[in-house]
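Q: What shape does this take:
(one chain, ligands or ions: 1)
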Amino acid sequence: MSGFTDSICVFCGSSPGVKPEYMAAAASVGHAIAKHNYRLVYGGGSRGCMSGVSQAVFEAGGHVLGVIPQVMATTAPSGHPGHGGKSTVVSKEGTGPTVLNPEAGSGHVETVVVQSMHERKQRMAEESNLGFIGLPGGYGTFEEVMEMVTWTQLGIHRKPMVLLNVNGFYTPIKQQIDLAVEEGFISKAGQQLVSLVECDSSNIDACGEAVLAEAVRLSKEVASNGSGYWDWNKPQGPVSTAEGGIIDNAANKSLQVGDGEQLAVEVSNLTFTFNPDIPPSLERCNLSLTRGSRCLLIGANGAGKSTLLRLLAGKKLCDSKVRVFGKDVFRDSPSGVTYLGTEWAMNPVVRSDIVVSTFLDSVGGYRHKARRDRLLDILDVDLTWHMHAISDGERRRVQLCMGLMEPWDLLLLDEVTVDLDVQVRADLLDFLQQETEERGATIIYATHIFDGLQSFPTHLAHMRLGTTTTTLPIDWPATNPADIAALPPTASADKDRDLSPLLNVSLAWLREDKVVRAEEEAKRGRVRGANRKAETTDSERFFSKYDYSQTVTR
Ligand SMILES: Nc1ncnc2c1ncn2[C@@H]1O[C@H](COP(=O)(O)OP(=O)(O)OP(=O)(O)O)[C@@H](O)[C@H]1O
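A: Residues are numbered from 1 along each chain as shown. Predicted structure coming up:
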């Protein structure tokens, strides 16, 4: 649909028979939206305040997008403006008249039906670049308002929420937020995420203009915050095609998925923060892999590799789209996903006096005898070892044997081959490659050790400062022009080194990363390395006086 400049989402109640002032406020908001040629995005209902706001936009010839979950979708009588000659779907939410009055206006109405309430909120958020207005409503409205604010707090999107406080309707919620701030549940910055515009009988006809102006003002403010701001209306990542493939317009490249097949991994615009008061650790990450891929995840320390792998393993909850074999990893855990990370070796249990054979049986070794025995040979493990009396590398071999025994469809390896000796590592890589070729299993491998890896990966993905720089991973070895163009040029410092092509690429990326990171950190007044401008610190003064190291026997 075209003809409008921007979109604003309105959350409100759909109960009929509410006081006239609520209906009047809803109509005022609708008139203001149409007057500014914005599009109304709303829950698709035609009752109560939903009717007030949508009917007003429609009557003024404006644009309306209703988003209805399947469970509330019903068929509209013919003549409903939502038909547009195509669709007859309207919402059956609430009770009362079901449709906008087609005689009363000339607006443009579009209705989309989505699978679930959750998807409805996501779609409404995606469609609304200006953010959200909350009109008075019930549980559903409260829930929508709070979830949209939570997403902003988490950095999933950054869009303002402005509540129209009709006759003090939202004053108790404001007081609740202030109390939560006072008690330390919401930060001071978080307090600003909800803005209130007052409305009573003295300004009811003008309140629509006021609330809209506040939403637009805040939206511009958020947008001017620069790089942190992003907009779901402009997809940054690969786009799914009707045929089930993926197109990456940025890289002019596409990924084909076989008939009826699901992508092994699909991460789309993933943003994640450990703590709402710090910048997100992952922002707008994209990764799409078909089955059988072996993808090397390359990035400097702190780039976000482990965080991404843990999210793929469903180990941390977040609200962005992360799918494995077509399933949402947080809500519909796919089977066959194995994650092996370095933290395992820190667990006191794996350093206790337990014999390796017992240890392996305790995690089902007896069920996978053939694979277990093959792995014991490859990893050169002695079943009589005691876990507390072996080396770090030997303990790692036991971990790998344990983790790989049960057949997996997706293996997430986070730097767990680092302490293996070169022969065991080489044999293990051969085994992993065979698993992908014979069983169609998929591997994502984050490592800093590139020795002997040249022919292992089928794809390379690069992460910098918490984001993937490649929307679709680069084929390795790179042969098509789009992939070759996406590879970094060899740094002049490394031109004369005798490096494998893979190490060359990795080093060039990391050198670029360091420059970009230094620039980004300088903007925030942070500097790494020696601080030559600093005066003598308190710590230096203290230790120059009480230097305990002088008393330590060397
Ligand atoms: N528990 C945590 N709380 C807050 N921030 C964290 C936490 N864990 C990681 N981070 C931050 O998230 C970012 C990504 O960390 P991550 O461990 O994913 O990086 P990485 O690419 O795996 O690094 P490395 O190569 O050193 O293993 C880093 O900036 C880090 O400071």
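
Q: Provide the secondary structure category for Ile8.
A: Under DSSP: H, G, I helix; E, B strand; the rest coil, the three-state class of Ile8 is strand.

Q: ok, it - contacts?
A: Ile33, Tyr38, Arg39, Leu40, Val41, Ser128, Leu130, Gly131, Phe132, Ile133, Leu212, Ala215 (C-beta atoms under 8 Å, 6 or more residues apart in numbering). (Glycine included, C-beta is placed from N, CA and C.)

Q: Find the nearest non-adjacent residue to it, please.
A: Closest residue to Ile8 apart from its sequence neighbours, by C-beta to C-beta, 6 or more residues apart in numbering: Leu130 at 4.3 Å.

Q: related to what we said a few turns ago, which of the contacts of Ile8 are buried, as a ChimeraX select command?
A: In ChimeraX, this line selects whichever of the contacts of Ile8 come out buried by 16 or more other C-beta atoms under 10 Å:
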select :33,38,39,40,41,128,130,131,132,133,212,215
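
Q: and Val422, how many neighbours does it have?
A: Counted with other C-beta atoms under 10 Å, the neighbours of Val422 add up to 10.

Q: so who does it touch?
A: Neighbour list for Val422: Asp451, Gly452 [criterion: C-beta under 8 Å, 6+ apart].

Q: how about 7 Å then?
A: Gly452 (C-beta atoms under 7 Å, 6 or more residues apart in numbering).

Q: got it, and Trp385?
A: Residues in contact with Trp385, defined by C-beta under 7 Å, 6+ apart, are Val356, Glu394.

Q: residues contacting the residue nearest to Ile8?
A: When contacts are counted by C-beta under 7 Å, 6+ apart, Leu130 touches Asp6, Ser7, Ile8, Tyr38, Ala215, Val216, Ser219.

Q: Just name the closest of the residues you listed to the ligand, please.
A: Nearest to the ligand among those, counting by C-beta to the nearest ligand atom, is Ser219 at 28.5 Å.

Q: For the helix or strand encompassing that closest one, which outside residues touch it?
A: Here Ser219, judged by DSSP states H and E, is contained in helix 207-223. By C-beta under 7 Å, 6+ apart, the residues outside helix 207-223 that reach it are 8, 25, 28-33, 36, 130-131, 133, 158-160, 162, 164, 195, 197, 199, 229.

Q: what secondary structure does the closest residue to Lys321 other than its chain neighbours sit in?
A: Using C-beta to C-beta, 6+ apart and skipping residues adjacent in sequence, the residue nearest Lys321 is Ser268, 4.4 Å away. Classification of Ser268 using three-state DSSP returns strand.

Q: what about Ser268, how many neighbours?
A: Here the count is done by other C-beta under 10 Å, and Ser268 has 21 residues near it.

Q: From Ser288, how far out is it?
A: Ser268 is 8 Å from Ser288, where distance means C-beta to C-beta, to the nearest Å.

Q: List the contacts of Tyr445.
A: Taking C-beta under 7 Å, 6+ apart, we find Tyr445 in contact with Arg294, Leu296, Leu297, Leu413.

Q: 6 Å - rerun?
A: By C-beta atoms under 6 Å, 6 or more residues apart in numbering, the contact list for Tyr445 reads Leu296, Leu413.

Q: contacting residues around the lengthiest helix in the chain?
A: The longest helix of the chain (DSSP state H) is helix 501-523. Residues from elsewhere that reach helix 501-523 (C-beta under 6 Å, 6+ apart): Ile298, Ala300, Phe450, Leu453, Gln454, His462, Arg464, Leu487, Pro488, Thr490, Ala491, Asp494.

Q: ok, so what distance separates the fifth one from Asn504?
A: Applying C-beta to C-beta, one obtains 10 Å for the distance of Gln454 from Asn504.

Q: Which of the two has more residues huddled nearby?
A: Set Gln454 next to Asn504 and count neighbours by other C-beta under 10 Å: Asn504 wins out with 20 against 13.

Q: got the residues of this structure near the ligand?
A: For the chain, the residues in contact with the ligand (C-beta under 6 Å from any ligand atom) are Phe274, Asn275, Ser281, Gly299, Asn301, Gly302, Ala303, Gly304, Lys305, Ser306, Thr307.

Q: Just the ones of those in helices?
A: Counting by DSSP H, the part of the residues of the chain next to the ligand found in helices is Lys305, Ser306, Thr307.

Q: In a markdown table, list these along with neighbour count.
A: Shown next, in a markdown table, are those (neighbours: other C-beta atoms under 10 Å):
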| residue | neighbour count |
| --- | --- |
| Lys305 | 22 |
| Ser306 | 19 |
| Thr307 | 24 |
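
Q: Leu404: which of those residues is nearest?
A: Of all these, Ser306 has the smallest distance to Leu404: 19.2 Å, by C-beta to C-beta.

Q: Quick check, that closest one in contact with Val416.
A: No: in this structure, Ser306 is not within contact of Val416 by C-beta atoms under 6 Å, at 11.2 Å.

Q: is the most centrally placed residue in the chain in a bridge, and if so with what?
A: With distances taken as C-alpha atoms, centre = their mean, the chain has Leu270 as the residue nearest its mean C-alpha position (2.2 Å). For Leu270, the beta-bridge partners under DSSP bridges are Cys285.

Q: Check which helix or strand Ser335 maps to.
A: Taking DSSP H and E as the definition, one finds Ser335 inside no helix or strand.

Q: which one among the contacts of Leu130 gets closest to Thr74?
A: Nearest to Thr74 among the contacts of Leu130, with distances taken as C-beta to C-beta, is Ser7, at 24.9 Å.

Q: coming back round to it: does the residue nearest to the centre of the chain really touch Asn286, like I thought?
A: No: the pair Leu270 / Asn286 is not scored as a contact, 7.4 Å apart, by C-beta under 6 Å.

Q: hmm, back to that, next SSE after the longest helix of the chain?
A: helix 538-545.

Q: Just the mean pLDDT for that following helix, thanks.
A: Average pLDDT, helix 538-545: 82.

Q: List the buried residues of that helix.
A: Under 16+ other C-beta under 10 Å, helix 538-545 has no buried positions.

Q: anything in contact with each of Gln454 and Asn504?
A: What both Gln454 and Asn504 touch, as defined by C-beta under 6 Å, 6+ apart, is an empty set.

Q: where exactly do the strands run in the stretch 251-400 of the chain?
A: For the stretch 251-400 of the chain, the strands defined by DSSP state E, counting those that start in this stretch cover 253-255, 265-272, 282-289, 294-298, 321-324, 327-328, 337-340.

Q: Name the helix or strand for Phe142, please.
A: helix 139-154.

Q: now the angle between helix 207-223 and the following helix or strand past that helix, please.
A: Going down the chain from helix 139-154, the next helix or strand is strand 161-166, by DSSP H and E. Angle of strand 161-166 versus helix 207-223, following axes from the mean of the first three to the mean of the last three C-alpha atoms, to 10 degrees, is 160 degrees.

Q: Give me the helices and strands touching strand 161-166, please.
A: Counting by 3 or more C-beta pairs under 6 Å, 6 or more residues apart in numbering; DSSP states H and E, the packing neighbours recorded for strand 161-166 are helix 20-35, strand 132-134, strand 194-199, helix 207-223.

Q: For the third one, C-alpha coordinates in CSV please.
A: In this case it means strand 194-199. The C-alpha trace of strand 194-199 is given here as CSV (Å, rounded to 0.1, in the frame of the first residue of the first chain):
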residue,chain,number,x,y,z
VAL,A,194,6.9,5.6,28.7
SER,A,195,5.7,9.2,28.1
LEU,A,196,2.2,10.5,29.1
VAL,A,197,0.1,13.1,27.4
GLU,A,198,-2.7,14.5,29.5
CYS,A,199,-6.2,14.7,28.1
